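Student: sequence first, predicted coordinates after that:
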Amino acid sequence: MEPTQLTIDAARSAVQERRTTALALAEAHYARIEKEDVEIGAYLTLCKERALEQADRIDRMAAEGKPLPPLGGVPVGIKDVMSTCGVRTTAGSKILGHYIPPYDCTAVARMEAAGAVLLGKLNCDEFAMGSSNENSAFRPVHNPRDLTRVPGGSSGGSAAAVAADMAVVALGSDTGGSIRQPASFCGVVGLMPTYGRVSRYGLIAFASSLDHIGPLAKAVKDAAIVLRTIAGRDPMDSTSADLPVPDYVADLEKPVRGLRLGVAKEYFGEGLDGEVRQAVESAIDKLKNLGCEVVPVSLPHTPYAIPTYYLVATAEASANLARYDGVRYSYRALGVKTLSEMYRRSRDEGFGAEVKRRIMLGTYALSAGYYDAYYLKAQKVRTLLTRDFEEAFCRVDVIVTPTSPTAAFRLGEKSNDPLAMYLADIYTVTADLAGIPGISIPCGETKEKLPIGLQILGKHFDESTILRIAHAYERSA
Amino acid sequence: MKVTEKDVAYVADLANLELSGDERTAMLRDLNSILDYVERLNELDTSNVEPMAQVSDRYSVEEFKQGSDRFAYVNREDLVEGLRKSLSQELALANAPDADGTFFRVPKVIEK
């Protein structure tokens, strides 16, 4: 097998048993990036020096016969919203175009401590705001399965890098669907853990009550290995949960027979593409054949999820993005005379159109006279959306849905209509609002050979069950 | 139309954005279209529903505890050094667009 097509265990054991070296694996991936990424555009920054140093450390361990850690020698990519000490971190924005963080994101540090070789930083929509990766200030990412199409967003670079064998796994972030939707568009596995399962320390904040870090991978087991590595309490993030981390990898082997799958009609209504519906329905049939029981459930507030999300997320974003003022670390406009002019012009020149639109919407929703009508109202509907899940999960173990209503669309197709773009997240935003975990796994293709994603949503902190069902489906497919 | 040109100017001011003439026109159109869409939230009666500011409002790892006791685990000792060392002055200034080695330098604050 090609060195760029290995899973985590295959790569690690090849390095451990000296059939290859971590250095050779890293170099094979860099060679592939050099060849393929001109057209795809997944990487924004490569950190070869850091990667080769880590590879050397792992190779020395292997040479001394020491057992390698779980990600020993595995080449990985990191979405460029996670801080990397000494390596440029842009969040896909001009305003952070030259930012070099002085510390590491906890999830990144845990990946490296587990032996991962960090190849570089992955392209994304600016500040993770977008569903197509066209909002990157640097360049759009192209879907490796069809270069005329978007890879999804906002973790489009992460999904494309994994799909095109330019990383074994990648870290992404999900605020409204930004791990699961691009995973679906590119035909890879994408896991959003429960809110609080993975520390957000060092993640550049978009909407703090909705931001999640999680893996994109070629196989469900790889997603489980990465989650086991990055999950768990971190004193640097007070919202990280103080709960033990189960062995997600061992739990994959538990039987799925008798598990109850909820199917909600609200996720199969108007706007769902016929081919996507067919693929998801036959995936549900397959799970039935594996011994799962299908139970109809209702999530009646689903039609209110997108408006709720766009008020809550933009309100939080408008506060989080106030820090970019051109003083401490962000872009500063030239030729300004006063402090006030400097703030305004730096932000005007540094932020892209979608980011400004969201800052404006969020500021409006929080402003005097509108707070109750918009922000508070949305927070109340968020409670209703969460209750929908709580009630459904009294009767079922997981809920299965399409990840996205369509397969990957064309570049430019929705870029002039913000509302149409927002609707690409219609099946994913509810899980972010409720804080429950969700995974997207490939479940077939359209006639045009575009991947389709199956989404499995679970109870709070029950990643084990969604991973187990995903693994059983993957093995049977 | 919910949002007027005057509102756009007022909100841009609050958000510390300047916005060009073209941007203001586009913003007026987009904000109105999005706010029209979110209007559907008013179909729901939420008079007896508690707002949810974050996930742990609904869910806590120590559900049996009440009030702030539920989040006691986030408390820690007040350490002089903090959980990690503070950044050195050099490192803290390294990303600044303009600094003099001791301070961040900014344009004149007080206008004549």
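Tutor: That came through, no problem. Numbers count the residues shown, from 1 in each chain, chains lettered A, B, ... in the order given.

Student: quick one, grab the pLDDT at residue A:435.
Tutor: On pLDDT, residue A:435 comes in at 96.

Student: am I right that it is in contact with residue A:194?
Tutor: Yes: with contact defined as C-beta atoms under 8 Å, residue A:435 reaches residue A:194; the gap is 6.3 Å. Placement of C-beta: from N, CA and C, glycine included.

Student: helix, strand or coil for the closest residue to residue A:232 other than its chain neighbours?
Tutor: Nearest non-adjacent residue to residue A:232, counting by C-beta to C-beta, 6 or more residues apart in numbering or on different chains: residue A:245, 4.7 Å away. Assigned with DSSP: H, G, I helix; E, B strand; the rest coil, residue A:245 falls in the coil class.

Student: and residue A:245, how close does it get to chain B?
Tutor: According to C-beta to the nearest C-beta, to the nearest Å, residue A:245 stands 13 Å off from chain B.

Student: what number of residues lie near that residue?
Tutor: 17 (other C-beta atoms under 10 Å in any protein chain shown).

Student: please apply the same query to residue A:140.
Tutor: Count around residue A:140 with other C-beta under 10 Å applied: 20.

Student: thinking again about what came up before, my read: the residue nearest to residue A:232 touches residue A:228, true?
Tutor: Yes: using C-beta under 8 Å, residue A:245 makes contact with residue A:228 at a distance of 6.4 Å.

Student: pull the residues that contact the longest helix seen in chain B.
Tutor: Counting residues, the longest helix found in chain B (DSSP state H) is helix B:21-38. Helix B:21-38 is contacted by residues A:306-307, A:310-311, A:353, A:356-357, A:360-361, A:364, A:374, A:378, A:418-419, B:1-5, B:8-9, B:12, B:19 when judged by C-beta atoms under 8 Å, 6 or more residues apart in numbering or on different chains.

Student: hmm, 7 Å instead?
Tutor: Identification of contacts with helix B:21-38 by C-beta atoms under 7 Å, 6 or more residues apart in numbering or on different chains yields A:307, A:310-311, A:357, A:360-361, A:364, A:418-419, B:1-3, B:5, B:8, B:19.

Student: what does stretch A:74-81 give?
Tutor: A:8, A:11-12, A:25-26, A:29, A:43-44, A:84, A:89-92, A:108, A:111, A:115-124, A:128, A:155, A:157-158, A:161, A:167-173, A:203-204.

Student: and what of stretch A:324-332?
Tutor: By C-beta under 7 Å, 6+ apart, stretch A:324-332 touches A:94-97, A:99, A:333, A:342-343, A:346-347, A:349-350, B:95-98, B:104, B:106.

Student: please apply the same query to stretch A:187-197.
Tutor: With C-beta under 7 Å, 6+ apart as the criterion, stretch A:187-197 contacts A:145, A:159, A:162-163, A:172, A:174, A:179-180, A:182-183, A:212, A:214-220, A:223, A:227, A:231, A:239-241, A:431, A:435-442, A:451, A:460-461, A:463, B:55-56.

Student: in strands, which of the residues you listed fall?
Tutor: A:172, A:174, A:212, A:214-217, A:438-442, A:451 (DSSP state E).

Student: now do the same for the residue of the stretch 51-200 of chain A found nearest chain B: helix, strand or coil?
Tutor: Nearest to chain B, among the residues of the stretch 51-200 of chain A, is residue A:195, at 4.3 Å (C-beta to the nearest C-beta). Here residue A:195 is coil, with the state taken from three-state DSSP.

Student: and it, how far is that from residue A:370?
Tutor: Going from residue A:195 to residue A:370 by C-beta to C-beta, to the nearest Å gives 27 Å.

Student: so which of those two has more stuff around it?
Tutor: residue A:195 (27 against 19).

Student: that one and residue A:434: what is the separation?
Tutor: For residue A:195 relative to residue A:434 (C-beta to C-beta), the value is 9 Å.

Student: ok, now residue A:451?
Tutor: Residue A:451 is 26 Å from residue A:434, by C-beta to C-beta.

Student: least confident secondary structure element in the chain?
Tutor: No chain specified, so I'll use chain A. Scoring the helices and strands of chain A by mean pLDDT, DSSP states H and E places helix A:418-422 at the bottom, with a mean of 86.

Student: I was thinking of chain B, sorry if that wasn't clear
Tutor: Least confident helix or strand, chain B: helix B:55-58 with a mean of 68, by mean pLDDT, DSSP H and E.

Student: who touches the helix or strand just after it?
Tutor: Counting by DSSP states H and E, the element after helix B:55-58 in chain order, helix or strand, is helix B:89-93. Here helix B:89-93 makes contact (C-beta under 7 Å, 6+ apart) with A:102, B:99.

Student: buried sites along helix B:89-93?
Tutor: residue B:93 (16 or more other C-beta atoms under 10 Å in any protein chain shown).

Student: ok, stretch A:294-303 next?
Tutor: Under 16+ other C-beta under 10 Å, the buried positions of stretch A:294-303 are A:297, A:299, A:301-302.

Student: dump these to CSV, plus pLDDT, distance to residue A:76 and secondary structure.
Tutor: As requested, the buried residues of stretch A:294-303 are arranged in CSV below (pLDDT from 0 to 100; distance: C-beta to C-beta, whole Å; DSSP: H, G, I helix; E, B strand; the rest coil):
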residue, pLDDT, distance to residue A:76, secondary structure
A:297, 98, 36, strand
A:299, 98, 35, coil
A:301, 97, 37, coil
A:302, 97, 35, helix
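
Student: residue A:388: which of those is nearest?
Tutor: Minimum distance to residue A:388 across the buried residues of stretch A:294-303 is 4.3 Å, recorded for residue A:299 (C-beta to C-beta).

Student: quick check: that closest one touching residue A:388?
Tutor: Yes: contact criterion C-beta atoms under 7 Å: residue A:299 and residue A:388 qualify, at 4.3 Å.

Student: quick check: the gap between the residue with the largest distance to the centre of chain A and chain B.
Tutor: Outermost residue of chain A with respect to the C-alpha centroid, by C-alpha atoms, centre = their mean, is residue A:337; its distance is 41.0 Å. Taking C-beta to the nearest C-beta as the criterion, residue A:337 is separated from chain B by 6 Å.

Student: before we move on, back to that, pLDDT (mean, whole number) over the longest helix of chain B?
Tutor: 95.

Student: show me what counts as buried in that helix.
Tutor: Quick answer for helix B:21-38 (16+ other C-beta under 10 Å): B:23-24, B:26-28, B:30-32, B:34-35, B:37-38.

Student: now stretch A:312-330
Tutor: Those would be A:312-321, A:324-327, A:329-330, for stretch A:312-330 by 16+ other C-beta under 10 Å.

Student: only the C-alpha atoms, please, for it, written as CSV.
Tutor: Taking Å, rounded to 0.1, in the frame of the first residue of the first chain, the C-alpha atoms of stretch A:312-330 are listed here in CSV:
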residue,chain,number,x,y,z
VAL,A,312,-26.7,32.9,18.9
ALA,A,313,-23.5,32.3,16.8
THR,A,314,-23.3,35.8,15.4
ALA,A,315,-24.0,37.4,18.8
GLU,A,316,-21.1,35.4,20.3
ALA,A,317,-18.9,36.1,17.3
SER,A,318,-19.4,39.8,17.5
ALA,A,319,-18.1,39.8,21.1
ASN,A,320,-15.3,37.4,20.4
LEU,A,321,-14.0,39.3,17.3
ALA,A,322,-13.9,42.6,19.1
ARG,A,323,-10.4,41.7,20.2
TYR,A,324,-9.0,42.3,16.7
ASP,A,325,-8.1,45.9,17.1
GLY,A,326,-4.8,46.3,15.4
VAL,A,327,-2.9,46.8,18.7
ARG,A,328,-1.6,43.5,20.1
TYR,A,329,-1.3,41.0,17.3
SER,A,330,-3.6,41.7,14.4
